[in-house]
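>>> I would like to see how this sequence folds:
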Amino acid sequence: MPRINEERPKYLLPPATHENHQPNDFYKSPAWRKLRVIHLRANPLCAACEAIGILTDCTKYRKGAIDHIIGIRLGGALLHPLNLMTLCASCHARKSKLERDGLILPSYGEDGERLPGADARQRAIQAINKTTTV
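Down below sits the predicted model:
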């Protein structure tokens, strides 16, 4: 009689059980939600798209992401406005992939409070746009 393999493929597991996925309550905190709204009101367009002349409104249909220029996993400041930029979903996905592949941006400050260096934002935008096919 055949046996059923009890192990499920990774893509069938709930997201919280994936290897690199760690639930982060920070994004549910009132401080983050308030800062996110303030940032989106001030910067509604995707920074990477805007750099190449495309105006992508990130406030519609929850398509935008507020990205930490220096990632949280790299010790980036959680709630400092200088460490944030607005990206559309596709640009955010590209930047996240670049970070997983080893993109390192200039930064300063202590771990947990790292802020982007002088041209970190511009370097991130250039890296995103190098991988963009229009």
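>>> which residues of the chain score low on pLDDT?
1-23, 62, 132-134 (pLDDT under 70).
>>> burial count for the residue nearest to K63 when sequence neighbours are not counted?
Leaving aside its sequence neighbours, K63 sits nearest to A89 (C-beta to C-beta, 6 or more residues apart in numbering; 5.2 Å). Every C-beta, even on glycine, is put in place using the N, C-alpha and C of the backbone. The number of residues packed around A89, counting by other C-beta atoms under 10 Å, is 15.
>>> G117 now?
15.
>>> please report how far it lies from I104.
For G117, the distance to I104 (C-beta to C-beta, to the nearest Å) stands at 11 Å.
>>> equivalent analysis for C88, please.
Taking C-beta to C-beta, one finds C88 at 23 Å from I104.
>>> of these two, who's got more company?
The residue with more neighbours, out of C88 and I104, is C88; 21 against 11, by other C-beta under 10 Å.
>>> list the buried residues in the helix or strand Q126 falls within.
Taking DSSP states H and E as the definition, Q126 sits inside helix 120-130. Applying a neighbour-count criterion of 16 or more other C-beta atoms under 10 Å, one finds 120-121, 123-125, 127-128 buried in helix 120-130.
>>> export the residues you listed as JSON lines, with columns for distance to G76.
Output for the buried residues of helix 120-130, formatted as JSON lines (distance: C-beta to C-beta, whole Å):
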{"residue": "A120", "distance to G76": "10"}
{"residue": "R121", "distance to G76": "12"}
{"residue": "R123", "distance to G76": "14"}
{"residue": "A124", "distance to G76": "12"}
{"residue": "I125", "distance to G76": "16"}
{"residue": "A127", "distance to G76": "16"}
{"residue": "I128", "distance to G76": "17"}
